[in-house]
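A.B. asks: Provided below for reference: sequence and predicted model.
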Amino acid sequence: MGTWIAEGSWKLPLAILLIGCYFLLVKATKVTPETYVLSFLVFGYIVGNRGFAQITPLGNLPLFMGEIGLLVGAGFLAFHIALKKEFPFRLDALGIAIIIWIIVGSIRVLFDYPNYGILALRDYAMVYYSAFYFIAQPMAKDARSLNTFLTFIKIAVLLLIPGFLLFQTYPEFFLYYLVFDGAPIIYYKGDLVAFYFGVGFIIYYYQHTKTLSTFLVLYSSLFLFLSIYTTVRAAWIGLASSILLFYLSNKTNMIKHAFIGFLILIPTLTIYCGIFAEDFRQTRPYAIYEHILSIVDISGRGTYRNNESLGTGANNQYRLQWWKVILVDTIKNAPITGMGFGHDLSKQFTLSFYNRFEQGSPVRSPHSIILTVFGRLGLIGLIFFCLIIYYIVASTYREVFLVRKSANLTQAFPYWCICWFIFFTACFGVILEGPMGGIVFWIFLGIAKSLSINYSHKDKPVEIPYLSN
């Protein structure tokens, strides 16, 4: 190693040093090997968002943080299997469905890579991200590891508040000064920020239920308010799905607290804007109001006066037209196997909607994971993806039933809420196709399922681990 450093080759010695420090940290803190990898990834996606996701720490090698984490996590799984001659995860129906989903996507990309190259691998990511479902399960089985992971998440969502506000106020600093290899380290995407705030809402509300702290319920209300404040309608639908799970579980205190928070925050903001704004119709409360109205404006023909709401009707038409084009184009050309990874799903849409074709369009997904799966993998892919969703529904139904029977919350319930939050957001946005939403979703799903499996071997519900902090 000394010879390498003397010759000016410091990268390999540095890598060896970092690996050694990592395993010393794992041993000292007594957590599972993948814990800090998963914690670092989710922390980075929450705080750094799109900026963190596009970092390539290995220079010219096109491996992003998510792919490096996937390789390292898969290595830990392989080492565990080889050493202990057992799987560190359980192959239940959901796990088998995910494996089939990965196999189907992998077979498809083998045919697409020769034609599209790196673009095919880029689109294939929405499939291989699901491997994090298995990587996360060993961590979920160990209480200390799970507490460590959730500590990272709680800190990350807190840092997101000043980070997002500063990014909105001083974007030049983040874009031109806080950079790595010419790319911003922190770059926020509105729909991702909205659902991360929603994750903070769920986490801090549960912490409040344990301690009954007034400050924690205020934190929870603040995260809910910020999720609404972003005016990301897809995230609102995801948020509504999580709140619905609480209602179905007869745990209505969350809804009451959310309503009380709104009674405090929204009128305060409205009064402030009414006093200091020249035109109330150009204020944030009015923008929120018009965005809510636009959700049911399916045809997109409504009239909107707020500058931030002017494009909502056109955006509805934009999405409906793209979804229609994807359906028609896929059914016409490749209904069974789809048009593949690397194929430009926006080509026919831009021709029909804009009457032009933009070569290399940066928007590759039609703002709906369902349509993306159908366009890329056809009926075969859609059937197996829906099979995964079916088993998620079945597991969530069982968890809701257990919560209804018990005075306490089950260990897995908040994770199922977060999973449904992300999924419904992904049905109306580009979430699961990228690492910022896709990796986070599959990690939380692996935790939720692992905890549900563990719970099935217990006689009574156990408290959520991060509430004991």
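C.D. replies: Okay, I see it.
A.B. asks: Please identify the buried residues of stretch 146-154?
C.D. replies: 146, 148-150, 152-154 (16 or more other CB atoms under 10 Å). C-beta coordinates here come from the backbone N, C-alpha and C atoms, glycine included.
A.B. asks: Please disregard the earlier target; I meant stretch 226-246.
C.D. replies: 226-239, 241-243, 245-246.
A.B. asks: which ones among these are found in helices?
C.D. replies: Counting by DSSP state H, the buried residues of stretch 226-246 place 226-229, 233-239, 241-243, 245-246 in helices.
A.B. asks: hmm, which two among the residues you listed are most spread apart?
C.D. replies: Tyr229 and Leu245 (22.8 Å; CB to CB).
A.B. asks: of all the buried residues of stretch 146-154, which comes closest to Met436?
C.D. replies: Ile153 (14.1 Å).
A.B. asks: now for the longest helix along the chain, which elements pack on it?
C.D. replies: Looking across the chain with DSSP H, the single longest helix is helix 369-405. Secondary-structure packing of helix 369-405 (3 or more CB pairs under 8 Å, 6 or more residues apart in numbering; DSSP states H and E): helix 93-116, helix 118-128, helix 233-248, helix 312-333, helix 413-426, helix 435-455.
A.B. asks: if you set the cut-off to 6 Å instead, what comes out?
C.D. replies: helix 93-116, helix 312-333, helix 413-426 (3 or more CB pairs under 6 Å, 6 or more residues apart in numbering; DSSP states H and E).
A.B. asks: where does the stretch 1-150 of the chain dip in pLDDT?
C.D. replies: 1-13 (pLDDT under 70).
A.B. asks: before we move on, back to that, give me the buried positions along the longest helix of the chain.
C.D. replies: In helix 369-405, counting by 16+ other CB under 10 Å, buried: 369-378, 381-382, 384-385, 387-388, 391-392, 395-396, 398-400, 402-403.
A.B. asks: now the angle from it to helix 233-248?
C.D. replies: 20 degrees (axes from the mean of the first three to the mean of the last three CA atoms, to 10 degrees).
A.B. asks: separation between the closest residue to Ile46 other than its chain neighbours and Ala183?
C.D. replies: Among residues not flanking Ile46 along the chain, Ala156 sits closest, at 3.9 Å (CB to CB, 6 or more residues apart in numbering). Distance of Ala156 to Ala183, computed by CB to CB, to the nearest Å: 20 Å.
A.B. asks: More neighbours: which of the two?
C.D. replies: Ala156 (21 against 14; other CB atoms under 10 Å).
A.B. asks: what's the distance between the more buried one and Asn49?
C.D. replies: For Ala156, the distance to Asn49 - CB to CB - is 11 Å.
A.B. asks: give me the low-pLDDT residue ranges for the stretch 351-469 of the chain?
C.D. replies: In the stretch 351-469 of the chain (pLDDT under 70), the answer is 353-363, 407, 454-469.
A.B. asks: Can I get stretch 19-39 in CSV? Just the C-alpha atoms.
C.D. replies: The C-alpha trace of stretch 19-39 is given here as CSV (Å, rounded to 0.1, in the frame of the first residue of the first chain):
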residue,chain,number,x,y,z
ILE,A,19,-13.7,-0.4,3.7
GLY,A,20,-11.8,-1.1,6.8
CYS,A,21,-13.3,1.8,8.6
TYR,A,22,-16.7,0.8,7.5
PHE,A,23,-16.5,-2.7,9.0
LEU,A,24,-15.0,-1.3,12.2
LEU,A,25,-18.0,1.0,12.5
VAL,A,26,-20.4,-1.9,11.8
LYS,A,27,-18.7,-4.0,14.5
ALA,A,28,-18.5,-1.2,17.0
THR,A,29,-22.2,-0.3,16.7
LYS,A,30,-23.3,-3.9,16.4
VAL,A,31,-25.6,-3.4,13.3
THR,A,32,-26.0,-5.6,10.2
PRO,A,33,-23.5,-4.9,7.4
GLU,A,34,-26.0,-3.3,5.0
THR,A,35,-27.5,-0.9,7.6
TYR,A,36,-25.2,2.1,6.9
VAL,A,37,-25.3,1.5,3.2
LEU,A,38,-29.1,1.8,3.1
SER,A,39,-29.1,4.6,5.7
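A.B. asks: Summarise which helices and strands the helix or strand where Ile19 lies is packed against.
C.D. replies: Secondary structure assignment for Ile19, by DSSP states H and E: helix 11-29. Here helix 11-29 touches helix 2-6, going by 3+ CB pairs under 6 Å, 6+ apart.
A.B. asks: tilt between the one helix or strand Thr148 maps to and helix 11-29?
C.D. replies: Per DSSP H and E, Thr148 falls inside helix 143-169. Put simply, helix 143-169 runs at 120 degrees to helix 11-29, going by the same axes, to 10 degrees.
A.B. asks: what angle do helix 143-169 and helix 413-426 make?
C.D. replies: Going by the same axes, to 10 degrees, helix 143-169 makes 40 degrees with helix 413-426.
A.B. asks: tell me the most buried of the helices and strands packed on helix 369-405?
C.D. replies: Of the helices and strands packed on helix 369-405, the one with the most neighbours on average (mean count of other CB atoms under 10 Å) is helix 413-426, at a mean of 26.
A.B. asks: neighbouring contacts of that helix?
C.D. replies: 195, 198-199, 202, 206, 234-235, 237-238, 241-242, 245, 369, 396, 399, 403, 431-432, 441, 444-445, 447-448 (CB atoms under 6 Å, 6 or more residues apart in numbering).
A.B. asks: What does Val199 show for phi and psi?
C.D. replies: phi -60, psi -40 (degrees, to the nearest 10).
A.B. asks: Give me the neighbour count for it.
C.D. replies: 26.
A.B. asks: swap in Ile288?
C.D. replies: 21.
A.B. asks: Contacts only, for it.
C.D. replies: So Ile288 contacts Thr231 (CB under 6 Å, 6+ apart).
A.B. asks: in what helix or strand does it lie?
C.D. replies: Using DSSP H and E, Ile288 falls in helix 284-295.
A.B. asks: Contact partners for Val37?
C.D. replies: So Val37 contacts 69, 72-73 (CB under 6 Å, 6+ apart).
A.B. asks: re earlier: out of the helices and strands packed on helix 369-405, which comes closest to Phe341?
C.D. replies: When the helices and strands packed on helix 369-405 are ranked by proximity to Phe341 (CB to CB), helix 93-116 comes first, at 4.5 Å.
A.B. asks: what's the closest non-adjacent residue to Lys109?
C.D. replies: Let me fix one detail, which is that residue 109 is Val and not Lys. In space, Val109 is closest to Tyr124, 4.4 Å off (CB to CB, 6+ apart).
A.B. asks: From Val104, how far off is that neighbour?
C.D. replies: Tyr124 is 11 Å from Val104, by CB to CB.
A.B. asks: Pull out the buried residues from stretch 82-94.
C.D. replies: Counting neighbours by 16+ other CB under 10 Å, stretch 82-94 gives 88-89, 94 as buried.
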